[in-house]
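Q: Just the structure for this:
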Amino acid sequence: MNQQTGSRQDRVGRISFPAPETMTVAQREVYDQIVAGPRRTLVGPLRAALHNPVLADRWQRLGQVLRFETSLPARLSELAILVTARRWNSDLEWAIHLGDAERAGLDRAICDAIGACGLPDFGTDVEARDVYEFASELVQRGDVGEETYTAVCSRWCEVGVVELTAVIGYYSMVALTLNVHRVPLPEGVRDRLQHDDGALATLPSTKGGR
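A: Okay, here's the model as predicted:
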């Protein structure tokens, strides 16, 4: 199982993170943009990305578009992000977006099922079912089936399916960055995913294994 709990790396990370009082001018400029924007704080992968302020600047601009400025309903974007976090076993991505998903109106039972690698009961929420299937296929196969693609495209048009694909790809990059640098959970955050070290999570299909 996950052996990171309680370790020093669990508290401080695998690498150093630039602190505001010691940042270069370029780093501080990006940092100020981040905390003045809708994120309002710096707790995720941008802490590591700030080692290259140009990378961090492009990263935070792309992230702001994909997190706050797409045509997809916020609860469904958060659903796709939770599926991505679960697949890559990213505790920090999961912890942050579990709260965001609930605030956006996603049923907590759906979140809990994804966290346990079970099949959520979507009931009559067909939109959520379609986004879950799209996200779970993409992160596990690197592609989605024609039926799955068409379901999303017919509902949110071509722009929606482009945005959803980009959200999942972006948050895969986020998850891998958080994992490899051991970016620690914020103080007081306790939500963790159960997983075996080195094994990716497997998420069931809504299509009964098709």
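Q: just so I have it, where are all the helices in this structure?
A: Counting by DSSP state H, the chain has helices at residues 8-12, 25-36, 46-49, 53-68, 74-87, 91-104, 108-115, 126-141, 146-181.
Q: Just tell me which of these ends up closest to residue 190.
A: Nearest of the helices of the chain to residue 190, taken as C-beta to C-beta: helix 91-104 at 8.0 Å. All C-beta spots, glycine's among them, are computed from the backbone N, C-alpha and C.
Q: Name the stretch among the helices of the chain that sits most buried.
A: Among those, ranked by average contacts under mean count of other C-beta atoms under 10 Å, first place goes to helix 74-87 (a mean of 25).
Q: and the direction of it versus that of helix 126-141, what angle?
A: 30 degrees (axes from the mean of the first three to the mean of the last three C-alpha atoms, to 10 degrees).
Q: and the helices of the chain as TSV, adding mean pLDDT?
A: Below are the helices of the chain laid out as TSV (pLDDT from 0 to 100):
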stretch	mean pLDDT
helix 8-12	56
helix 25-36	92
helix 46-49	92
helix 53-68	93
helix 74-87	97
helix 91-104	93
helix 108-115	96
helix 126-141	97
helix 146-181	97
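Q: can I get these in CSV with distance to residue 192?
A: Putting the helices of the chain into CSV (distance: least, C-beta to C-beta, whole Å) gives the following:
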stretch, distance to residue 192
helix 8-12, 10
helix 25-36, 25
helix 46-49, 19
helix 53-68, 22
helix 74-87, 11
helix 91-104, 5
helix 108-115, 9
helix 126-141, 19
helix 146-181, 13
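Q: where's the nearest residue in space to residue 129 that is not next to it in sequence relative to residue 109, distance?
A: Nearest non-adjacent residue to residue 129, counting by C-beta to C-beta, 6 or more residues apart in numbering: residue 122, 4.1 Å away. Using C-beta to C-beta, to the nearest Å, residue 122 is found at 10 Å from residue 109.
Q: One more: residue 153?
A: Counting by C-beta to C-beta, the gap from residue 153 to residue 109 is 28 Å.
Q: just checking, residue 159 touches residue 69?
A: No - if you go by C-beta atoms under 8 Å, residue 159 and residue 69 don't touch, sitting 11.8 Å apart.
Q: can you list contacts of stretch 64-76?
A: The contact list for stretch 64-76, computed with C-beta atoms under 8 Å, 6 or more residues apart in numbering, reads 37-39, 77, 100-101, 104-106, 127-128, 131, 156, 159-160, 163-164, 166-167, 170.
Q: repeat for stretch 183-193
A: Residues outside stretch 183-193 that contact it (C-beta under 8 Å, 6+ apart): 2, 5, 9-13, 17, 43-45, 47-48, 85-86, 89-92, 94-96, 98, 115, 177, 201.
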